[in-house]
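In: Structural data only, the sequence is not supplied:
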């Protein structure tokens, strides 16, 4: 494969990469759950989540310009904290975060499959379908991941056309359904939903991977990151307005796993449900595939850095790395154990904490990146505030499985990192050089 030359990716191409990294799966899977907290103010939650993401976008743009590398957050953490226990532990936790995201997308795929097939979602049927899409993605990554990667632009274009039609016709058919009386949607609910929806924006970091292929990354990278975030925010906000104004809050809550399909049926009839359902299947399957590919690359990179066993990056006899098979197995375990609501909250909690830590590390690099320290501090504070609020809400609601699993995974990440470093006689200090 030819090496890309500087200037081979422009603003439009990088923006498309960013939109593709963010758009899709989270929107299809988390609208109903977020409506349960935000009520009729769901669009405001998307706006707040996007604003918080904008601060991290600023941080990533400065880091990407200074350290153009395909390693993304993994490399940024190593730059900020050095090759020590802190960066290593957070990178292992980030690896688990991507696994949770894949479980979310696979579960969403199963929900829309059941909706289109006219069978009840959830239960053992949903688990089997979710595991099936994970297995299919593993086979794709072994046999033909390049072809799927090339089709990503077509997939995103298809999604945008369907969503544009949904939004355009939906706004013209909008009315004001009566909101469920028990859904308060107060300030805490809106902010909690914003924290939950943060995962729908987390893919912006992929744009920084293209910095090395830009002719003028100092100008092009921030513009591409900003444009991609704005485009996605507008689509999310308008789509959520259509949902609230066509089917109402209670229907959104009752159909948590396939809200957009129900709204599509209300606007276009059965054809609308099928179109939205197919778009959702494409989006969620594509998200599982791209996330699996990204998580496999993350495992390879942090294994080369000595943070996890090097065997993760070793090829198997049938093709694919051992990390690919181990990752897919853990995803299947998460699919079986956790329902959609739990993996959605866990994914957002994981990424809020990881991005907060990337920004903390960035504060140690401001002399090199030239970033505004106050903006970075705001980013850290906002990410941690949403994390604390969403985490607190899971405790208040009694979602023990959710908050306890996040704590266990975070602690386990550092234990794994410590034991591995101790075995290999590597730096056991929190910070490295």
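Out: Nice, I can see it. If you're wondering where the values come from, they're calculated on a predicted model, not measured in any experiment.
In: In contact with residue 194, which residues?
Out: 38, 45, 46, 48, 49, 52, 386 (C-beta atoms under 8 Å, 6 or more residues apart in numbering). Any C-beta I mention is one placed from the backbone N, CA and C, and that applies to glycine too.
In: er, residue 131 I mean
Out: 106, 332, 335, 336.
In: Now with 7 Å, please.
Out: Neighbouring residues of residue 131 by C-beta atoms under 7 Å, 6 or more residues apart in numbering: 332, 335.
In: Spell out the secondary structure type for it.
Out: helix (DSSP: H, G, I helix; E, B strand; the rest coil).
In: With adjacent residues omitted, what lies nearest to residue 332?
Out: Once flanking residues are discounted, residue 332 sits nearest to residue 131: 5.1 Å by C-beta to C-beta, 6 or more residues apart in numbering.
In: Could you do residue 236 as well?
Out: Nearest to residue 236 is residue 46, by C-beta to C-beta, 6+ apart, at 4.5 Å.
In: number of nearby residues for that neighbour?
Out: 29 (other C-beta atoms under 10 Å).
In: tell me the contacts of it?
Out: 197, 233, 236, 237, 240.
In: change it to 10 Å
Out: By C-beta atoms under 10 Å, 6 or more residues apart in numbering, the contact set of residue 46 is 27, 31, 34, 38, 193-194, 197, 200-201, 232-241.
In: Could I get the pLDDT score of it?
Out: Reported pLDDT at residue 46 in the predicted model: 95.
In: Can you give me the buried ones in the helix or strand where residue 102 lies?
Out: Here residue 102 sits within helix 85-117, counting by DSSP states H and E. Of all the residues in helix 85-117, those buried under the rule 16 or more other C-beta atoms under 10 Å are 85-116.
In: and the gap between residue 12 and residue 286?
Out: 20 Å (C-beta to C-beta, to the nearest Å).
In: And residue 337, how close does it get to residue 379?
Out: In terms of C-beta to C-beta, residue 337 sits 32 Å off from residue 379.
In: who's more crowded, the two?
Out: residue 379 (27 against 13).
In: Give me the pLDDT value at the nearest residue to the more buried one once chain neighbours are set aside.
Out: If the residues on either side of it in the chain are set aside, residue 379 comes closest to residue 55, at 3.5 Å by C-beta to C-beta, 6+ apart. Here, the pLDDT recorded for residue 55 equals 95.
In: OK, contacts around residue 172?
Out: 242, 267.
In: Quickly note the distance from the residue nearest to residue 379 to residue 350.
Out: 18 Å.
In: one step back: so which of the contacts of residue 194 comes closest to residue 64?
Out: residue 52 (18.8 Å; C-beta to C-beta).
In: So the closest one versus residue 324, what's the distance?
Out: Taken as C-beta to C-beta, the span from residue 52 to residue 324 is 32 Å.
In: more crowded one of residue 12 and residue 286?
Out: For residue 12 versus residue 286, neighbours defined as other C-beta under 10 Å are more numerous around residue 286 (24 against 11).
In: Okay, and that one sits in which element?
Out: Per DSSP H and E: helix 270-304 holds residue 286.
In: model confidence over that helix, on average?
Out: Helix 270-304 comes out at a mean pLDDT of 76.
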